[in-house]
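[1] my questions concern the predicted model and sequence given below.
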2 protein chains.
Amino acid sequence: MIANKFDHIGIAVKSIEDTLETFGKLFQSNKVKIETNEALSLKIAIIYFEGIKLELIQPIDENEIVVNKYLNKRGEGIHHLAFLVESVQKSLDNAKSSRFELIEQVPRKGAQNKYVGFLNPKSTNGCLIEFCSHSK
Amino acid sequence: MIANKFDHIGIAVKSIEDTLETFGKLFQSNKVKIETNEALSLKIAIIYFEGIKLELIQPIDENEIVVNKYLNKRGEGIHHLAFLVESVQKSLDNAKSSRFELIEQVPRKGAQNKYVGFLNPKSTNGCLIEFCSHSK
């Protein structure tokens, strides 16, 4: 077992403002936190509501590769499932030992000042899985 | 506001056994419930674990259209986000009034003996949204 606590659902969007307006009509959220991460070239909104956090991710320029590629290929939509782990490095190492394919071998800085690491969806039945933690 | 309680993440898969084996290596689940719904031509597994329920959906024959179409077009992956509502019909009606496009105008029987209704992802920034309830 590599992860046991669910953290958030990541959703790739073209416009956070537009999506917040849409989702605002559908769901009553407790709180929304928006940040722009220049290093990642991403604008990120975390929507907190009962039972779940949604993370909207919007590229802010062409320097961002991953989400732009997803949007160009598949359009807006549900992008990843993120699990809170004690150590991203340990979870990545354990996943590798269990023959999961890693997208990154070492944790990198992600949203909300957390460390993150992803598994290749080819090895997880098409689901992009993120490990995130405040510790590497 | 049309829905406020998150229920589950739906994942389209080709084989529930194969996915349970993969996910079993990744996550420690509390419980797994498997059912075959002949009327829907779907095999369904609910994985319960901390903070979330995952619903794996696998077509059992060619009579099933929606998930088969998704699998043929996009392959296995995260399929929908489901919200528990008091009345599916009321939520569908309210969504329609707020100019969301409905996939079905009236609730239909879904997994776990619940009533379900879906919104067209074209009107929800690419996210297929399900309303589910034990009441119509």
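    Good, I have the coordinates. Numbering: from 1, shown residues only, chains lettered A, B, ... in the order given.
[2] show me what counts as buried in stretch A:28-38.
    A:29, A:32, A:37 (16 or more other CB atoms under 10 Å in any protein chain shown). C-beta: built from backbone N, CA, C; applies to glycine.
[3] what do you get for stretch A:66-83?
    A:66-68, A:70-71, A:76-83.
[4] likewise stretch A:118-129?
    A:118, A:119, A:121, A:123, A:124, A:125, A:126, A:127, A:128, A:129.
[5] now those as TSV including secondary structure, distance to residue A:91 and pLDDT?
    Converted to TSV, those look like this (DSSP: H, G, I helix; E, B strand; the rest coil; distance: CB to CB, whole Å; pLDDT from 0 to 100):
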residue	secondary structure	distance to residue A:91	pLDDT
A:118	strand	11	97
A:119	strand	9	97
A:121	helix	16	97
A:123	helix	14	97
A:124	coil	13	97
A:125	coil	18	96
A:126	coil	20	97
A:127	coil	15	97
A:128	coil	15	97
A:129	strand	10	97
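[6] and which of those residues is nearest to chain B?
    The closest of those to chain B turns out to be residue A:126 (CB to the nearest CB; 3.3 Å).
[7] quick check: the closest one touching residue B:79?
    No - using CB atoms under 8 Å, residue A:126 is not in contact with residue B:79, being 9.5 Å away.
[8] what is in contact with the two at once?
    Common neighbours of residue A:126 and residue B:79 (criterion: CB atoms under 8 Å, 6 or more residues apart in numbering or on different chains): B:11, B:12.
[9] the residue lying closest to residue A:82 once chain neighbours are set aside: helix or strand, and which one exactly?
    Excluding its sequence neighbours, the residue lying closest to residue A:82 (CB to CB, 6 or more residues apart in numbering or on different chains) is residue A:130, at 3.9 Å. Residue A:130 belongs to strand A:129-133 when assigned by DSSP states H and E.
[10] residue contacts, residue A:92?
    A:102, A:104, A:105, A:106, A:107, A:117, A:131.
[11] state the pair within these that is farthest apart.
    Largest separation among these by CB to CB: A:105 and A:131, giving 12.7 Å.
[12] now residue A:3: how far from residue B:100?
    Note on residue A:3: its distance to residue B:100, by CB to CB, to the nearest Å, is 33 Å.
[13] between these two, which is the more surrounded one?
    When neighbours are counted by other CB atoms under 10 Å in any protein chain shown, residue A:3 and residue B:100 differ, and residue A:3 comes out ahead with 25 against 20.
[14] returning to what we had before: so the residue nearest to residue A:82 is in contact with residue A:9, correct?
    No - using CB under 8 Å, residue A:130 is not in contact with residue A:9; the gap is 10.2 Å.
[15] of those two, who's got more company?
    residue A:130 (25 against 22).
[16] what residues does that one make contact with?
    A:7, A:10, A:80, A:81, A:82, A:83, A:110, A:116, A:117, A:118.
[17] element containing the third one?
    Think residue A:80. strand A:77-84.
[18] out of everything not next to it in sequence, what's closest to residue A:53?
    residue A:8 is the one closest to residue A:53 (CB to CB, 6+ apart), at 4.0 Å.
[19] since that was my last question, I'll sign off now.
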